[in-house]
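[1] 3D model of this:
(chains A and B)
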2 protein chains.
Amino acid sequence: MRVHQMWNAYPALKTDLSQVLELIEKHIRVRDKTVETTIRNLVHSGGKLLRPAYSLLCSEIGPNNNKEKSIAVAAALETLHMATLVHDDVIDEAETRHGNKTIHTNNGNKFAIYAGDYLFCVCFTILSRHANSLAHLEFNARGMEKILSGELDQLNSRYQSTVSVKNYLSRVSGKTAQLFAVSCYSGAITSDASRRQAMLAWNMGHYMGMAFQIIDDILDYQGTSDTLGKPVMADIRQGIYNLPIIYAMQENQEAFKPLLSKGDTLTDEDLEKLMDLINRYQGVEKARHLAKRYTHKAIAQIKKMPKGDYREKLLEITTTLLNRNV
Amino acid sequence: MRVHQMWNAYPALKTDLSQVLELIEKHIRVRDKTVETTIRNLVHSGGKLLRPAYSLLCSEIGPNNNKEKSIAVAAALETLHMATLVHDDVIDEAETRHGNKTIHTNNGNKFAIYAGDYLFCVCFTILSRHANSLAHLEFNARGMEKILSGELDQLNSRYQSTVSVKNYLSRVSGKTAQLFAVSCYSGAITSDASRRQAMLAWNMGHYMGMAFQIIDDILDYQGTSDTLGKPVMADIRQGIYNLPIIYAMQENQEAFKPLLSKGDTLTDEDLEKLMDLINRYQGVEKARHLAKRYTHKAIAQIKKMPKGDYREKLLEITTTLLNRNV
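    Got it, this is the predicted structure:
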C-alpha cells in the first residue's frame, strides 16, 4: 500500500500507516465493482496521512499500546477526512487534489455526494467496531458535528471582506484543528491514557492543527499549481479570505476594496495585484510568524508527555511541518 | 411540535413522535443562528415520520419497554432519513418536498451538502449516547453503509431502459426497505427483544418498506404536483425507471424505446405518451398487486409477534399505508 514519502524516515510508523490504508480499503465494499474501485482509489490518492500518523503516535502515550485498536481508530479518522475532502471538492468546485482529478470531476457531483456519505458510514462502522466505549464514540461524533457546523458557518461568511483575524482563527479551530485534536485524543485513549495525558494529546493536536492550516493557507499564495496539486490562490477566487490577506487588509482596508468587490469575477491580473498588496503589507510574513507560535505551543505540550521514542518523533515531525513547502 | 395528521388516531404514539422531534431539534446546535434555524426547520417540514413511528411501535415487542432509549433511537433514525433526503434533493435537483422549497433551492447546493453531513453526525451522536451497545451501533452503521452503496449503484444505472424487475426490487431493498428494517430492528432491541422477536421486526420492516416504496413510486405516476408536493413523473425525467414502467416495458420493449432514448430531454407531451403506454400494458395495476403481496408478508410477520396494543396498531397502520394516495 503506497504511503506518502514523508514517512520514509520512520519505517515502523510507515508500516502502521500502510495497515491503516489496508483496513480502510477492506471496509469499502460496493456491489458495483466500478463504483468500488473509484472509492478505493481515494485511499491511494497520495494524501500525507498526517491525521492517522499523529493518532498512531499518540497511541503510545498511555500504558497499554493496543496496535489493533490504534490502527482502527486511525483508519476511521482518515476515512472521515476523506469523506469531508470529497464533499469539500464538490463545494469548492476543485478540479484536482494532490495532482489527481477529483472524484466529482470524473464521476459527477451526484456520485461524489453519495461517495462521501458512504465514507462517513464506513468511518462509523470502523469506529463502532473498535472504539473503547460508547462514550468515546459519542465524543467522536460530537467532534465531527463541530467540524461540520464550522463549515456551515464558513459558507455563510464567504465574500465578506471584513473577516477578522479572530474569525479566521475560530474557523480554522473548528475545522482543521478540531480534527487533529480528535485524532490525537482518540489515539491516546486507545492506550488507556490518563485524563491528563489525553488532554496533552488533545491540546497538542489543536495547536499543531492551527499551525498546519495556517501554513497550508500561506502555501496557497506561494506555490505553483505543480507543487500544490491545485490552482494557486484558489481560496481568494472562492471568496475565502485567509490569514495573509486578512493581516494585509488590517493595514489598508481601502486598497483591497475595489479588487475584492469583484467577488468571483477576479481575473488573473487582479489576483497579481492582490498578491502585490499582500506582499507590501507583509501578510505572509505575519501569518508565518503566527504559525511558528502555534508550533511552539504544540511542542510545549509534547515536552510534557511521558518520555519515549514516539515523543521524539512527534517533536521532529511537528518541527518539520512548520518548514514545509508542499 | 407539529406531527403529521395521520397520527391523530393514535394519541400516545403522537406524543412520543412529538418528543422524537423535540430531541432532534435539541441536538441541532450551530453557532450561526440563521444556519441553525434553517436546519431546525427541516424537523418541522411535515414528513410522515413513518420510520420513527415503526421503530417506536417495535420498541414494545420485547419485555422491557424503555421510553427514553426508544425515543432516542427513533430520533437518530429520523435524523438519518433527513440527512439522506437533503442530499437526495441536491442529487435529484428537486425543488420542493412536502410542498416546501428544498434546502438546496433556498440555500444552495453547498449549504445542503454540509447540512446533510451535519445531520449524519447528529444521528451518530444521538445513537452513541443511547445505543444499547457498540455492537448495536456497528449494526446501524453497516445498515447505513448498505443504503448508500445502494444509492451509488442506482446512480450508475440511470437511463438504462433494460432495468429488470429484479434490479428494481434489489434497489428498493437496499434503500427504503433497508432503513425500515433497521428502524424496526433497532426499536425492538431497545426493549431487550429476543433474537426471534428482533428478526420478526426486521422482516416486517423489510416487507413493509418494499410495499411502501412501490406505492410511493406508483403515486409518482398518478398524483398531481399539489397532492404529492413534488412534480409528477419526476423519476422518469431523472432516468429512474420504476416498477410500473418496468412491468409495462416487459410487454413491449420496442414501443418505449423511441421515447426513452430521449434521455433527459423528454417533453411533457412525451411523458403523456409514456403514461398512455404504461396504462395500456397495466403497469400500475401490476405494481399495485406486488405492493399488496409485500403488505401481506409484513402482516404475516406482525401476526407472529407477542400480543399487545402495539401489534394492533402495526396491523392497522400497515394496512392503511397500502391504500394511501399521498
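[2] For A:Pro11, see how far away A:Val165 is.
    Counting by Cβ to Cβ, to the nearest Å, the gap from A:Val165 to A:Pro11 is 41 Å. Bear in mind the C-beta positions are built from the backbone N, C-alpha and C, glycine included.
[3] quick one: which of the two has more around it?
    Remark: of A:Val165 and A:Pro11, A:Val165 carries more neighbours, 14 against 9, as counted by other Cβ atoms under 10 Å in any protein chain shown.
[4] nearest spatial neighbour of the more buried one, skipping sequence neighbours?
    Among residues not flanking A:Val165 along the chain, A:Ile246 sits closest, at 5.7 Å (Cβ to Cβ, 6 or more residues apart in numbering or on different chains).
[5] Are there helices or strands packed against the host helix or strand of the one you found, and which ones?
    Taking DSSP states H and E as the criterion, A:Ile246 maps to helix A:243-251. In terms of contacts (3 or more Cβ pairs under 8 Å, 6 or more residues apart in numbering or on different chains; DSSP states H and E), helix A:243-251 is packed against helix A:165-172, helix A:195-222, helix A:253-260, helix A:268-280, helix A:283-303.
[6] what's in contact with the third one?
    Contacts of helix A:253-260 with the rest of the structure, by Cβ atoms under 8 Å, 6 or more residues apart in numbering or on different chains, involve A:159, A:161, A:241, A:245, A:248-249, A:266, A:270, A:273-274, A:277.
[7] Closest one of these to chain B?
    Closest approach between those and chain B, by Cβ to the nearest Cβ: A:Tyr159, at 12.9 Å.
[8] What parts of the stretch 1-150 of chain A come near chain B?
    Contact residues, the stretch 1-150 of chain A versus chain B (Cβ under 8 Å from any Cβ of the partner chain): A:29-32, A:34-35, A:83-84, A:87, A:90-91, A:109-111, A:113-118, A:120-122, A:124-125, A:127-129, A:131, A:133-134, A:137-138, A:140-142, A:144-145, A:148-149.
[9] how about 6 Å then?
    Residues of the stretch 1-150 of chain A found near chain B (Cβ under 6 Å from any Cβ of the partner chain) are A:30-32, A:35, A:87, A:91, A:110-111, A:113-114, A:117-118, A:120-121, A:124-125, A:128-129, A:134, A:137-138, A:141-142, A:144-145, A:148-149.
[10] just to revisit the earlier point, quick one: closest of the helices and strands packed on helix A:243-251 to B:Trp7.
    Closest to B:Trp7 of the helices and strands packed on helix A:243-251, according to Cβ to Cβ: helix A:165-172, at 41.8 Å.
[11] who's in contact with the closest one?
    A:154, A:210, A:213, A:243, A:246 (Cβ atoms under 6 Å, 6 or more residues apart in numbering or on different chains).
[12] rerun that using 8 Å as the cut-off
    A:150, A:153-154, A:157, A:209-210, A:213-214, A:241-243, A:246-247, A:250.
[13] Closest to chain B out of those?
    Using Cβ to the nearest Cβ, the contacts of helix A:165-172 come closest to chain B at A:Asp153, 4.8 Å.
[14] Under a three-state scheme, what state does the closest one occupy?
    Using DSSP: H, G, I helix; E, B strand; the rest coil, the secondary structure recorded for A:Asp153 is helix.
[15] List the residues that contact it.
    A:171, A:174, B:30-32, B:35.
[16] Now do A:Val73 against chain B, distance only.
    From A:Val73 across to chain B, the span is 13 Å (Cβ to the nearest Cβ, to the nearest Å).
[17] Secondary structure element holding that residue?
    Per DSSP H and E, A:Val73 falls inside helix A:67-91.
[18] in that helix, what's buried?
    A:69-91 (16 or more other Cβ atoms under 10 Å in any protein chain shown).
[19] Rounded mean pLDDT for it, please.
    The pLDDT scores in helix A:67-91 average 91.
[20] tell me the angle of that helix relative to helix B:67-91?
    40 degrees (axes from the mean of the first three to the mean of the last three Cα atoms, to 10 degrees).
[21] For the residue of the stretch 201-326 of chain A found nearest chain B, grab the count of nearby residues.
    Per Cβ to the nearest Cβ, A:Gln238 is where the stretch 201-326 of chain A lies closest to chain B, at 10.2 Å. Around A:Gln238 there are 15 other residues, counting by other Cβ under 10 Å.
[22] Does it touch A:Asp92 like I think?
    Yes. Between A:Gln238 and A:Asp92 there is a contact at 5.8 Å, judged by Cβ atoms under 8 Å.
[23] What is the burial count for A:Glu312?
    By other Cβ under 10 Å, neighbour count at A:Glu312 equals 11.
[24] Out of the contacts of helix A:253-260, who's the most crowded?
    The most crowded member of the contacts of helix A:253-260, judged by other Cβ under 10 Å, is A:Ile245 (28 neighbours).
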